[in-house]
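**Student:** could you work out the structure for the sequence below:
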Amino acid sequence: MAKTTHAKFAEPDIGSRLEEGAQLHSGPKSDSMKRTQTMAQVNARTDSETKSRIFVLLCLSALVDTMGSSLLSPAYAMAVSNAPGAVAPEGGVHEDAFEHVPFSFSLAVNVITSAMVLGGVFSSLSMGPASDRFGRKPLIIIGLLGGALGYFLMWLGAGVMKDFWFFITAMFVNGLFSGTKSVMMAYLADVYTPEEFGQKQPLFGMCILTGGSAGGILGGIVIAATGKLFVAAWVGVIASVFFAGLVMVMMPEPSLGSKKSDTSQADDDSSLAEPSASTTKTVRRILLICIFAGAIDSLGDEGNRFARSTIMPQSFPSTKDPSTMSLIASSNIVATAFCMFLVMGTQKKVGLAIYTLFGNAVSALVQFGLVLIIYSGWGLVPYVTLWWLGQLFGFTSSMAQMLIVGIVAPKQERGFWTGMSNAAGNVIKFIGPLALALTYGEANRAVLVLCVCGAISLGAAILYLPLPSLMPAPAPKSEELLGMEEYEKMKHAQFMQLPLATRWRIDQQRTKDGKPPIMHGWGKYDEQRGLLAGLVERSQDDFQFLKAQLIQNLTNQEKLETFRSQINSSRAKTRARSGWFDRHTKDQEEMGRWLGEYFDDAGYEGWKFYPELFKAMVMTAFPPLEALDAKAGTGYDESLENAEEELINFMRVMDQHIAGSAYAKDPKRSIFLRAAVNGRAMPTL
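**Tutor:** As a prediction, the model looks like this:
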């Protein structure tokens, strides 16, 4: 028996353990020796002034990039006024309108936007992953300059040639360079710490979401001032070239250590096509839910856009005027700002995942409400008011989804995952408007379109349902800790009554102070008998706290890698101390003595007569988390995947105990337990 036990805890190669833990953060040793960083790269990650300048520049660049995509949107309805089935504008057809439009009004308007979105599909699939390999800065510059080319071609095709198909081609070209936003997001993740990135990302996301509305406003102003439908494209040309120059001069390439090309996959060409195999299962599941449910969410949101760009001008012809369309679209700025403050202000209390459900539920209700307004003929004001309420709250799901992807995706693969998320959304935004336009048709089937979109939004909410259980629960407000000397003086019985959350924070503080954690062991059963009822009642909260901590590790690959490294390092240091095995054996004996005395006192005296049954009961309550091979803790040694699997297995077992201990919250059952602990007769249940 002694031989087996010693084999299970054989001395590890401590040097190799510590080196392995270090490589989790620095990459292979050969790569780290090659890395050199310029002063600009160092400042981009360490100097607050430089980081702030880069952040402002990227926010403005993203704003300009997104604004450009909607600069001409106020002109779309007027530009296709000659389309079959179009209701004539009150002021007549504009002189810049296309003379020949091959589609119906609803289809023509949505073909224009879908052409840009189709280009965005290819851009999102390529630019994010390419930036992981070739660098962020070159891709940002290429995207901005390519966008300028697209705006010029849009003006040439529509403003000069007045050719519908040339304009559609120009929109597609513009979309081919629209994937820079995911690259910019990855750049921010490279230079900011995870905590800083979590604070900056919502502001950057607001610039992206606001840009579409701001572009429509600016385009409407230019159109109103010049009387020309497409001259606003030159604003996009000038702004894109200007900011491409600023990026070229003012922004360094992020340090090499943040790029996938410096990892062990540097020579693997497939890294552009798929994520690293080290992406944990839980993280991958969350990201896939966000991508697929987010795409369906985008399709539901198309109902709101379709309600403004197609249904409204056909139902209320006065809104075809570019100035009116621009004014209505401008309300999105207020809605976006409101959504950002709502989500960011409450995420610590309710979490981000809940907003993915809330936003889609609101969108569905609004779309069904618009059906009622159209069917009842209530007029423009109720229609616009309800539509705007949908924008006001419906954006929360898109905001939350974007934040979750940015937070959960592994840093070295953030470009890939944000690119995939954008690409999935763009595929839907390409297919959706065309399908809705065909459904709407020349018969103006507005009610049918809105009902379909409302049902789709409900479907997106259903797809998001698993997300709240996968994401970490919001952390409760922590109380101030006492001085460490107060906890060091506590006896075992007093210390064990502290909530696990408090003991966790005590250990964290002691680790920062370079001190070992406070460990009292199992203690003596006789001294704890009167406290057992409280222990069971408190365990529900303690289990939930531990579950939340483990979920944080499972849903953040960087945290999981750090956690695994800390476990391995702590285990190696412990076993390197003299006499550790004897102390471990003593701890085992103390645990066995406590359990034996509890069995006797609780009426389980049969453990002496039926040991095989009690062994089966113990193994059923605590099934193996890893192979029974006389080697302890190998799950954390072998790979990140094994560490993840062991944590998930532990959580499955813990959930069974959470369900079993829930009866302690029932006052009747709690009295039963206290009666048993205090030696009184047990009441009948």
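**Student:** so which residue is smack in the middle of this structure?
**Tutor:** Ile404 (1.2 Å; C-alpha atoms, centre = their mean).
**Student:** buried set for the helix or strand in which that one is found?
**Tutor:** If you go by DSSP states H and E, Ile404 is part of helix 380-408. For helix 380-408, the buried set under the neighbour-count rule, 16 or more other C-beta atoms under 10 Å, comprises 383-384, 386-388, 390-408. Any C-beta I mention is one placed from the backbone N, CA and C, and that applies to glycine too.
**Student:** what angle sits between the helix or strand hosting Leu209 and helix 380-408?
**Tutor:** Using DSSP H and E, Leu209 sits within helix 194-226. Angle, helix 194-226 to helix 380-408, by axes from the mean of the first three to the mean of the last three C-alpha atoms, to 10 degrees: 150 degrees.
**Student:** roughly how far apart are Met490 and Leu532?
**Tutor:** 18 Å (C-beta to C-beta, to the nearest Å).
**Student:** check Glu486 too.
**Tutor:** 25 Å.
**Student:** please say which of those two ends up with more neighbours.
**Tutor:** Set side by side, Glu486 and Leu532 show more neighbours around Leu532, with 17 against 9, by other C-beta atoms under 10 Å.
**Student:** list the helices and strands the strand or helix carrying Ile291 packs on?
**Tutor:** Ile291 belongs to helix 281-306 when assigned by DSSP H and E. The contact analysis (3 or more C-beta pairs under 8 Å, 6 or more residues apart in numbering; DSSP states H and E) places helix 281-306 against helix 353-376, helix 380-408, helix 414-440, helix 446-463, helix 467-470, helix 532-554, helix 640-661.
**Student:** 7 Å - rerun?
**Tutor:** helix 353-376, helix 380-408, helix 414-440, helix 446-463, helix 467-470 (3 or more C-beta pairs under 7 Å, 6 or more residues apart in numbering; DSSP states H and E).
**Student:** tell me which helix or strand of the protein sits lowest on mean pLDDT?
**Tutor:** Least confident helix or strand of the chain, by mean pLDDT, DSSP states H and E, is helix 14-26 with a mean of 35.
**Student:** most distant residue from the middle of the protein?
**Tutor:** Phe609 (54.6 Å).
**Student:** and that one, how far from Glu561?
**Tutor:** From Phe609 to Glu561 the distance is 48 Å (C-beta to C-beta).
**Student:** need the contact partners of stretch 482-493.
**Tutor:** Phe495, Ile506, Gln509, Arg510, Ile518, His520, Gly523, Glu527, Gln528, Leu531 (C-beta atoms under 7 Å, 6 or more residues apart in numbering).
**Student:** what residues of stretch 94-110 count as buried?
**Tutor:** Applying 16+ other C-beta under 10 Å to stretch 94-110 flags 94, 96-98, 101, 103-110 as buried.
**Student:** and the helix holding Ile404, how far from the chain's centre?
**Tutor:** 16 Å (C-alpha atoms, centre = their mean, to the nearest Å).
**Student:** quick one: mean pLDDT for that helix?
**Tutor:** Per-region confidence: helix 380-408 scores 85 on mean pLDDT.
**Student:** which strands and helices lie in contact with that helix?
**Tutor:** Contacts defined by 3+ C-beta pairs under 7 Å, 6+ apart place helix 380-408 against helix 194-226, helix 281-306, helix 322-350, helix 353-376, helix 414-440.
**Student:** okay, the angle between it and helix 353-376?
**Tutor:** 160 degrees.
**Student:** and the angle from helix 380-408 to helix 322-350?
**Tutor:** Using the same axes, to 10 degrees: helix 380-408 against helix 322-350 is 50 degrees.
**Student:** how about low-confidence regions in the stretch 51-200 of the chain?
**Tutor:** Applying pLDDT under 70 to the stretch 51-200 of the chain flags the ranges 90, 194-195, 198.
**Student:** tell me which stretches of it form strands.
**Tutor:** Here the stretch 51-200 of the chain has no strands by DSSP state E, counting those that start in this stretch.
**Student:** domains of this structure?
**Tutor:** 42-259+279-470, 521-678 (automatic domain parsing).
**Student:** tell me the most buried of these?
**Tutor:** domain 42-259+279-470 (a mean of 21; mean count of other C-beta atoms under 10 Å).
**Student:** now do the contacts for Met344.
**Tutor:** Met344 touches Pro202, counting by C-beta under 7 Å, 6+ apart.
**Student:** please apply the same query to the one 10 residues further on.
**Tutor:** Ile354 makes contact with Pro468, according to C-beta under 7 Å, 6+ apart.
**Student:** what score does it have for pLDDT?
**Tutor:** For Ile354, pLDDT reads 91.
**Student:** circling back: as JSON lines, the helices and strands packed on helix 281-306 with distance to Ser318 would be great.
**Tutor:** Formatted as JSON lines, those follow (distance: least, C-beta to C-beta, whole Å):
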{"stretch": "helix 353-376", "distance to Ser318": "16"}
{"stretch": "helix 380-408", "distance to Ser318": "8"}
{"stretch": "helix 414-440", "distance to Ser318": "20"}
{"stretch": "helix 446-463", "distance to Ser318": "17"}
{"stretch": "helix 467-470", "distance to Ser318": "42"}
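**Student:** out of these, which is closest to Phe134?
**Tutor:** Among these, helix 414-440 comes nearest to Phe134, with 10.4 Å by C-beta to C-beta.
**Student:** and that closest one, average pLDDT?
**Tutor:** In the prediction, helix 414-440 has an average pLDDT of 82.
**Student:** gap between that helix and the chain center?
**Tutor:** Put simply, helix 414-440 sits 18 Å off its chain's centre (C-alpha atoms, centre = their mean).
**Student:** picking that back up, ok, the residue nearest to the centre of the chain - contacts?
**Tutor:** Ile286, Cys290, Leu352.
**Student:** now the last one: how far from Thr113?
**Tutor:** The one in question is Leu352. 28 Å.
**Student:** go on, Ser397?
**Tutor:** 21 Å.
**Student:** right, and Lys200 touches Tyr187 too?
**Tutor:** No - contact between Lys200 and Tyr187 fails when scored by C-beta atoms under 7 Å: they sit 11.1 Å apart.
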